[in-house]
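Asks: Sequence and predicted structure are below.
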Amino acid sequence: MRAIRLIVVHHTAGNAGLAEIERWHKRRGFSSIGYHYVIDRAGRVHETRDIARIGAHARGFNRHSIGVALIG
């Protein structure tokens, strides 16, 4: 398991769903959603990337962080 030192919180600034976020990230060349977790407007937590995998959400900080995105 990699050392995790940070939690980076993001927001989508809109009502994008998981499928749309995945399309955005794939267009940027990522294999899937770069965040480890996405929390939807109802408060449901979706695991979108295993925390053992390095994220694709905060350049320069991905190796030692977990990315969490809030929809809305």
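Replies: Everything's here; your move. Predicted, not measured: the structure shown is a model, and the values here were computed from it.
Asks: All the strands of this structure, in order from the start?
Replies: Along the chain, counting by DSSP state E, strands occupy 6-11, 37-39, 45-47, 65-70.
Asks: export these to TSV and tack on distance to Arg59?
Replies: C-betas here are computed from N, CA, C, even on glycine. Converted to TSV, the strands of the chain look like this (distance: least, Cβ to Cβ, whole Å):
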stretch	distance to Arg59
strand 6-11	11
strand 37-39	19
strand 45-47	22
strand 65-70	11
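Asks: Go through those and name the closest to Glu20.
Replies: Among those, the nearest to Glu20 by Cβ to Cβ is strand 37-39 (10.9 Å).
Asks: what's that closest one packed up against?
Replies: strand 45-47, strand 65-70 (3 or more Cβ pairs under 8 Å, 6 or more residues apart in numbering; DSSP states H and E).
Asks: as a whole number, average confidence for that strand?
Replies: On average, the pLDDT along strand 37-39 is 98.
Asks: Direction included, what does that strand pair up with?
Replies: strand 45-47 (antiparallel), strand 65-70 (parallel) (DSSP bridges).
Asks: okay, the strands of the chain in CSV with distance to Gly29 and mean neighbour count next?
Replies: Below are the strands of the chain laid out as CSV (distance: least, Cβ to Cβ, whole Å; neighbours: other Cβ atoms under 10 Å):
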stretch, distance to Gly29, mean neighbour count
strand 6-11, 18, 13
strand 37-39, 19, 20
strand 45-47, 22, 12
strand 65-70, 16, 20
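Asks: among those, which is nearest Ile54?
Replies: Nearest to Ile54, of the strands of the chain and by Cβ to Cβ, is strand 65-70 at 8.9 Å.
Asks: Mean pLDDT per helix and strand in the protein: which one sits at the bottom?
Replies: Ranked by mean pLDDT, DSSP states H and E, the weakest helix or strand in the chain is helix 18-27, scoring a mean of 95.
Asks: Just the buried residues of that helix, please?
Replies: For helix 18-27, the neighbour count (16 or more other Cβ atoms under 10 Å) marks Ile21, Glu22, His25 as buried.
Asks: show me what contacts the first one?
Replies: When the contact criterion is Cβ atoms under 8 Å, 6 or more residues apart in numbering, the partners of Ile21 are Thr12, Ile33, Tyr35, Val38, Thr48, Ala69.
Asks: This completes my enquiry, with thanks.
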